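Trainee: A predicted structure for the sequence below; I have some questions about it.
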Amino acid sequence: MLWPLNTAVNAHIHTSIPNFLIQECFDDFLEPWVQDIMQGVPKVENGFIKPPDAPGIGVEFNEKEMAKHPYGPNNFLRLFESGWEQRTGGSAIKK
């Protein structure tokens, strides 16, 4: 679940590094409700990520929405199984 938060933090850090080249981002493959939990997460636009200009990291958590999606044993995403990036693999997140 920390991917969107990491995206926001890394966007800030990487813009301060003159020779930084590529930031890997898989946020497009997250569950749709993640956007309801974390507002202000930067999106890839035209191949670039612009860091948020809101105070702090620029991401706000909606705790009420987060409570609707508790972590459990079925939420483990196995990155080395076929289909992980689309969450279609055998051990992908179950609904």
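Mentor: Looks like it came in fine. The structure presented is a predicted model; accordingly, all values stated were derived computationally and were not measured.
Trainee: make it CA atoms for all contacts and neighbour counts henceforth
Mentor: Noted.
Trainee: how distant is stretch 68-86 from the center of its chain?
Mentor: 13 Å (Cα atoms, centre = their mean, to the nearest Å).
Trainee: first vs last residue of it, how far apart are they?
Mentor: End-to-end distance for stretch 68-86, by Cα to Cα, to the nearest Å: 22 Å.
Trainee: and Met66, that one's in a strand?
Mentor: No - if the criterion is DSSP: H, G, I helix; E, B strand; the rest coil, then Met66 is helix and not within a strand.
Trainee: how far does the helix or strand bottoming out on mean pLDDT in the chain sit from its chain's centre?
Mentor: Least confident helix or strand, the chain: helix 34-37 with a mean of 86, by mean pLDDT, DSSP states H and E. The chain centroid and the centroid of helix 34-37 are separated by 10 Å, computed with Cα atoms, centre = their mean.
Trainee: ok, residues contacting it?
Mentor: Where contact means Cα atoms under 8 Å, 6 or more residues apart in numbering, the residues beyond helix 34-37 that reach it are Met1, Val41, Phe61, Asn62, Glu63, Glu65, Met66.
Trainee: hmm, try it at 7 Å
Mentor: Phe61, Asn62, Glu65, Met66 (Cα atoms under 7 Å, 6 or more residues apart in numbering).
Trainee: what's the answer for stretch 19-32, then?
Mentor: Trp3, Pro4, Thr7, His14, Glu85, Gln86.
Trainee: so for that stretch, what's the average pLDDT?
Mentor: Across stretch 19-32, pLDDT averages out at 85.
Trainee: related to what we said a few turns ago, how about JSON lines for the contacts of stretch 19-32, with neighbour count added?
Mentor: Below are the contacts of stretch 19-32 laid out as JSON lines (neighbours: other Cα atoms under 10 Å):
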{"residue": "Trp3", "neighbour count": "14"}
{"residue": "Pro4", "neighbour count": "24"}
{"residue": "Thr7", "neighbour count": "22"}
{"residue": "His14", "neighbour count": "16"}
{"residue": "Glu85", "neighbour count": "17"}
{"residue": "Gln86", "neighbour count": "11"}
